[in-house]
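Colleague: 3D model of this:
(chains A and B)
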There are 2 protein chains.
Amino acid sequence: MYRTHTCGELRLENNDNTVTLAGWIQRIRNLGGMTFIDLRDRYGITQLVVNEHVSDELKTIVKKLGREFVVQVQGLVVKRQSPNNKILTGEIEIVVEKIKIINASELPPFTIEDESDGGDELRMKYRYLDLRRNPLLKALELRHRLAHETRRYLNSQSFLEIETPYLIKSTPEGARDFIVPSRMNQGQFYALPQSPQTFKQLLMVAGYDRYFQIVRCFRDEDLRADRQPEFTQIDCEMAFVEREDVLQTFEGLAKHLFKNVLDIDFTGQFPRMSYTDAMKYYGCDKPDIRFDMRICELTENVKGKNFVMFDSAEYIGGICAEGCAEYTRKQLDELNEWVKRPQIGAKGLAYIKLGTDGIKSSIDKFYTPDELQAIADKMGARQGDLILVLAGNKKITLGGLCELRLEMGKRLGYRNNTKFAPLWVVDFPLFEYDDETKRFYAMHHPFTSPHVDDLAIFESNPAEVRANAYDFVLNGVEIGGGSIRIHDAQVQKTMFKILGFTDEDAQIQFGFLMNAFKFGAPPHGGIAFGLDRWCAVFGGSDSIRDYIAFPKNNSGRDMMIDSPAAIKQEQLDELGIRLIDNPKA
Amino acid sequence: MYRTHTCGELRLENNDNTVTLAGWIQRIRNLGGMTFIDLRDRYGITQLVVNEHVSDELKTIVKKLGREFVVQVQGLVVKRQSPNNKILTGEIEIVVEKIKIINASELPPFTIEDESDGGDELRMKYRYLDLRRNPLLKALELRHRLAHETRRYLNSQSFLEIETPYLIKSTPEGARDFIVPSRMNQGQFYALPQSPQTFKQLLMVAGYDRYFQIVRCFRDEDLRADRQPEFTQIDCEMAFVEREDVLQTFEGLAKHLFKNVLDIDFTGQFPRMSYTDAMKYYGCDKPDIRFDMRICELTENVKGKNFVMFDSAEYIGGICAEGCAEYTRKQLDELNEWVKRPQIGAKGLAYIKLGTDGIKSSIDKFYTPDELQAIADKMGARQGDLILVLAGNKKITLGGLCELRLEMGKRLGYRNNTKFAPLWVVDFPLFEYDDETKRFYAMHHPFTSPHVDDLAIFESNPAEVRANAYDFVLNGVEIGGGSIRIHDAQVQKTMFKILGFTDEDAQIQFGFLMNAFKFGAPPHGGIAFGLDRWCAVFGGSDSIRDYIAFPKNNSGRDMMIDSPAAIKQEQLDELGIRLIDNPKA
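Modeller: The predicted structure is shown next:
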């Protein structure tokens, strides 16, 4: 054993103990012949003192020390003259008797501090050094705790964690698969799972009743900041349940995690909102309900006043920013530019200020003060508020209002990262119609059950059918989604038909599942949560990367190990594949 | 909710309750107008009774029922006339009032009973039906519990579970990798990890101190009964530790699992044995020490008596089977054939019987009774025992004696599956020399530290260097293995040199690890356990397949989903690869 204590453990009651610590040198300061060293490990930081009258041998060693050296230190615990209440060991320090250098360190390419001076790329390349920084340690500790408490809760609810295979079969439905050539079956390929969806349904057919798995999933998609080619899901399924049972069970999980990871008590039910209302009042299917500021449609209220931008619009809507009537011209211009950025795509912003000196508006050429007041009344705006209005194509305008609402919420401090607002969004549409390929796609996946009330129009009017599906949204982030599944072979067959599968295609791709349904499938449903995202939201961060020990960059590269990489010709030969020299040829 | 209770829950105290159950029909019996139905779910079996005077409607439904139908049943709990103490609900039965068929079932292709009539291949194809059988349910429950208790113990010991990537980089050292073509980086490939070895070492460099992960690993090897292309490891690593710390910590884990999974208390330390002794006394590096019957070398004792088979042998050794002196001619002939099978490879078996009527032997033409008695004395054999002797090439003969010992142990009932004998095997050789490629290979892996006492001969005499490595063996099965790692860049460099890596090769393959060691690597070591194997040994089974929900067959195929399979040309095109039409060309 290299140590008697960790660097986060010693307190005043250890006064006068002789201890051995081991760790990394965080900082060295020389003060009038004395040397102060901060020694760091995973558990904390302890201050070491080397007095001026120590042996020459010890002095020589101390002179060699540098940042990030690994040392083993023996010394006496003493009370500090001036305690440091920022660290847990701040009441004591160690008077050093011996130091052994276990491993020297080159000068790290960036500082190992809470705020590092290293750029993104450099820190990715030296991820093992970046991981020494406290914010990343805290992030991975949070992840461990969140996963551990998830398992503890689900175990207590009789769920079994069952591992499903990673080498499975490619299915063109959904996102693009990563594939794995088979050496023993040349010309054939495995695929890495996008989710264990079919396997968990088969486990329900097999009678396993309450399944979960914290499992890696893979999607070969072009990447964005919050996407990784491999990500982790808390994947769950239950049999003999209806939607309410699933929601109750996993609301229980969320409350358990709030309590045991963040020490937050949630009483009462989480709110629920239909997909229709979410789109209408928040412009998206994952509303951030930490604040209100709902979108109010004005289409019928503002037309016919010869204002072309409104008269020609499919949809007009606004939000009311409380207490913002004093926004300056400059601020409003800047907001106007903000909504015109391609990410938002609005043509421009109209505003109505309810100032102390009366109503002022960018559109007062077209609307009388009374007409403007009527709009304000409809929106519930009061004196001191600022109304922001967008108009145009309905989908784009609602999306723009959604973004504008989030932006104003941020500026007004409504999106506090230590406040949490969970929400169930329910009754999603079952299908999306794609104009390009002229076919329906499953909004969730092809195993989602239609809403019971919509079964009559399932085949005749798919566009109007609601899914028995639900999303779990936290602070405007979609943390989880699930559905009650189809457990009837005939309904599943119809589903595939609406999705444009031939019987043969369906049989090749999902035959094993459809066959399984012939042998007694129970009613079942489930949900899957994105662990990376849940960690990020609990940690108050926008980026999931900090919560993944070894993430990939936006090109899918691991900068540290420099992967993907070329492989040897023998490996390709064994697999019976070759590279296309010119991929465009 | 489809049920008020599970099928394993009702007891006498529920007498007179009206309940709703849901599950699968296990069995239907008609007895004098009454119908008895066994209803099954994950939790147990409950007997349903349909009386003769029920409504015609109910009778009609009951007539339609068949094995494996999924039904929902409402009825009254009553005390049974004749309790069935084989099942937990055996004191009650349900007098049925209503039955709803939730899903019919075709006749299953094999019986869903503890002993099924289905062949291996059929049961693999319909794995979701095979999984309904009780032995498989118990196996997966055991696996869940073993994994859960592992996490509970390691969490209590301050270990953090940290996920490492699955899309990594191919390294030719070790077994063959599965590879994954990269679409975004055409011509380049990821590899699936054979273990998270380098990542866990980087986590130690990053200061994470106590890491674990229950993680899938992949090896593209030709398969045997106890091998799967994907398997699960309990992967662990600790920093600032020596061998003793690692052994103590994971002996603690094993004891926790014995206690909390099998309810077995282990007191005292697990025995330890050097690799040298294991090979000498048991003929292999994973001795089954549930029984003694050690191998005794006789090479120097039996030579020079003109028995050519012994005189020409490099090695002669025997085992003593207690109380087997009465083995018949037929039994001995059969054993003789057994050792001559190619799997054992012996030329023949010599025996010495210590019967009540004196010593008898297959070699008494060459040895006097006194000489035979001297052999018996050396082996500690007593009257009533049978000595079995093999001779020949040392490696093959020791291997043969190992197998013969296990076989005799099995025949004598020494290898009881409910008895557990854990063992640490230590001090493995660091290298194996391969005559074919004329180079050293790492016996464990290239990051294993040489034994401290052997550092002086590390470069000069690699063949004699012991590794600071250890295996955890349970009932003759290697459950886990690990080592103290190299944490010194110079030692690591020498290691790669002995393994025949050029500096450039080492840099390309492990450069990130060697670079990491330049920035302050702590001393560290760890271990990895095979979860599948641990489950199988705890469950008393020779096959890991029953402990894997969806295993692959010996050709690496998933028979149920029929994978691997061909993929679409577009997928290959996107990845920039093509198939070689004739792999031999």
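
Colleague: near chain B, which residues of the stretch 401-550 of chain A are found?
Modeller: By C-beta under 8 Å from any C-beta of the partner chain, the residues of the stretch 401-550 of chain A that approach chain B are A:487-488, A:512, A:516-523, A:548-550. (Each C-beta comes from the backbone N, C-alpha and C, glycine too.)

Colleague: now do 7 Å
Modeller: The stretch 401-550 of chain A comes close to chain B at residues A:487, A:512, A:516, A:518-523, A:549-550, as judged by C-beta under 7 Å from any C-beta of the partner chain.

Colleague: element containing A:Gly174, please.
Modeller: Assigned by DSSP states H and E, A:Gly174 falls within no helix or strand.

Colleague: go on, A:Ile484?
Modeller: Applying DSSP H and E as the criterion places A:Ile484 in strand A:477-484.

Colleague: and for A:Tyr327?
Modeller: With DSSP H and E as the test, A:Tyr327 turns up in no helix or strand.

Colleague: quick one, phi psi at it?
Modeller: phi -50, psi 130 (degrees, to the nearest 10).

Colleague: quick revisit: quick one: average pLDDT of the strand holding A:Ile484?
Modeller: Across strand A:477-484, pLDDT averages out at 97.

Colleague: for A:Gly392, give me its contacts.
Modeller: A:Gly392 makes contacts with A:313-315, A:346-347, as judged by C-beta atoms under 7 Å, 6 or more residues apart in numbering or on different chains.

Colleague: 6 Å instead, please
Modeller: A:313, A:347 (C-beta atoms under 6 Å, 6 or more residues apart in numbering or on different chains).

Colleague: grab the longest helix from chain A for me.
Modeller: Assignment by DSSP state H gives helix A:134-156 as the longest helix of chain A.

Colleague: which stretches in the stretch 401-550 of chain A count as helices?
Modeller: Using DSSP state H, counting those that start in this stretch, the helices found in the stretch 401-550 of chain A span residues A:489-498, A:503-516, A:531-538.

Colleague: repeat for the stretch 101-250 of chain A
Modeller: Using DSSP H, counting those that start in this stretch, the helices of the stretch 101-250 of chain A run over A:120-125, A:127-130, A:134-156, A:197-205, A:243-262.

Colleague: same list, the ones you listed, but as CSV with mean pLDDT, distance to A:Glu334 and mean neighbour count please.
Modeller: Putting the helices of the stretch 101-250 of chain A into CSV (pLDDT from 0 to 100; distance: least, C-beta to C-beta, whole Å; neighbours: other C-beta atoms under 10 Å in any protein chain shown) gives the following:
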stretch, mean pLDDT, distance to A:Glu334, mean neighbour count
helix A:120-125, 94, 27, 16
helix A:127-130, 97, 35, 24
helix A:134-156, 98, 31, 19
helix A:197-205, 96, 45, 25
helix A:243-262, 98, 35, 18
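
Colleague: in the strand holding A:Ile484, what's buried?
Modeller: Buried residues in strand A:477-484, counted by 16 or more other C-beta atoms under 10 Å in any protein chain shown: A:477-484.

Colleague: and for stretch A:562-581?
Modeller: Neighbour-count burial for stretch A:562-581, with 16+ other C-beta under 10 Å as criterion, is recorded at A:563-565, A:567, A:571-572, A:574-577, A:579.

Colleague: of the residues you listed, which are in range of chain B?
Modeller: A:563-565, A:567, A:576-577, A:579 (C-beta under 6 Å from any C-beta of the partner chain).

Colleague: format the residues you listed as CSV; extra columns: secondary structure and pLDDT.
Modeller: Shown next, in CSV, are those (DSSP: H, G, I helix; E, B strand; the rest coil; pLDDT from 0 to 100):
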residue, secondary structure, pLDDT
A:Ser563, strand, 93
A:Pro564, coil, 95
A:Ala565, strand, 93
A:Ile567, coil, 91
A:Gly576, coil, 91
A:Ile577, strand, 92
A:Leu579, strand, 91
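
Colleague: how near is A:Met184 to B:Pro564?
Modeller: Using C-beta to C-beta, to the nearest Å, A:Met184 is found at 8 Å from B:Pro564.

Colleague: can I get the CA coordinates of the lowest-mean-pLDDT helix or strand in chain A in PDB?
Modeller: Within chain A, no helix or strand scores below helix A:503-516, which has a mean of 86 by mean pLDDT, DSSP states H and E. Taking Å, rounded to 0.1, in the frame of the first residue of the first chain, the C-alpha atoms of helix A:503-516 are listed here in PDB:
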ATOM      1  CA  ASP A 503     -44.500  -8.700 -46.700                       C
ATOM      2  CA  GLU A 504     -41.100 -10.000 -47.800                       C
ATOM      3  CA  ASP A 505     -39.100  -7.100 -46.600                       C
ATOM      4  CA  ALA A 506     -40.900  -7.100 -43.300                       C
ATOM      5  CA  GLN A 507     -40.300 -10.900 -43.000                       C
ATOM      6  CA  ILE A 508     -36.600 -10.500 -43.800                       C
ATOM      7  CA  GLN A 509     -36.000  -7.700 -41.400                       C
ATOM      8  CA  PHE A 510     -38.400  -8.300 -38.500                       C
ATOM      9  CA  GLY A 511     -39.600 -11.900 -39.200                       C
ATOM     10  CA  PHE A 512     -38.300 -13.100 -35.900                       C
ATOM     11  CA  LEU A 513     -40.300 -10.600 -34.000                       C
ATOM     12  CA  MET A 514     -43.500 -11.200 -36.000                       C
ATOM     13  CA  ASN A 515     -43.000 -14.900 -35.500                       C
ATOM     14  CA  ALA A 516     -42.500 -14.400 -31.800                       C
END
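
Colleague: buried sites along that helix?
Modeller: If you call a residue buried by 16+ other C-beta under 10 Å, then helix A:503-516 has these buried ones: A:506, A:509-510, A:512-516.

Colleague: try stretch A:16-35
Modeller: Across stretch A:16-35, burial judged by 16+ other C-beta under 10 Å covers A:19-26, A:28, A:35.

Colleague: near chain B, list only the ones from the residues you listed.
Modeller: Restricting those to those near chain B by C-beta under 6 Å from any C-beta leaves A:22, A:24.

Colleague: just send the buried residues of stretch A:16-35 back as JSON lines, with pLDDT and secondary structure too.
Modeller: Listed next are the buried residues of stretch A:16-35 as JSON lines, based on pLDDT from 0 to 100; DSSP: H, G, I helix; E, B strand; the rest coil:
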{"residue": "A:Val19", "pLDDT": "98", "secondary structure": "strand"}
{"residue": "A:Thr20", "pLDDT": "98", "secondary structure": "strand"}
{"residue": "A:Leu21", "pLDDT": "98", "secondary structure": "strand"}
{"residue": "A:Ala22", "pLDDT": "98", "secondary structure": "strand"}
{"residue": "A:Gly23", "pLDDT": "98", "secondary structure": "strand"}
{"residue": "A:Trp24", "pLDDT": "98", "secondary structure": "strand"}
{"residue": "A:Ile25", "pLDDT": "98", "secondary structure": "strand"}
{"residue": "A:Gln26", "pLDDT": "97", "secondary structure": "strand"}
{"residue": "A:Ile28", "pLDDT": "97", "secondary structure": "strand"}
{"residue": "A:Thr35", "pLDDT": "97", "secondary structure": "strand"}
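
Colleague: if anything else comes up later, I'll come back, but that's it for now.
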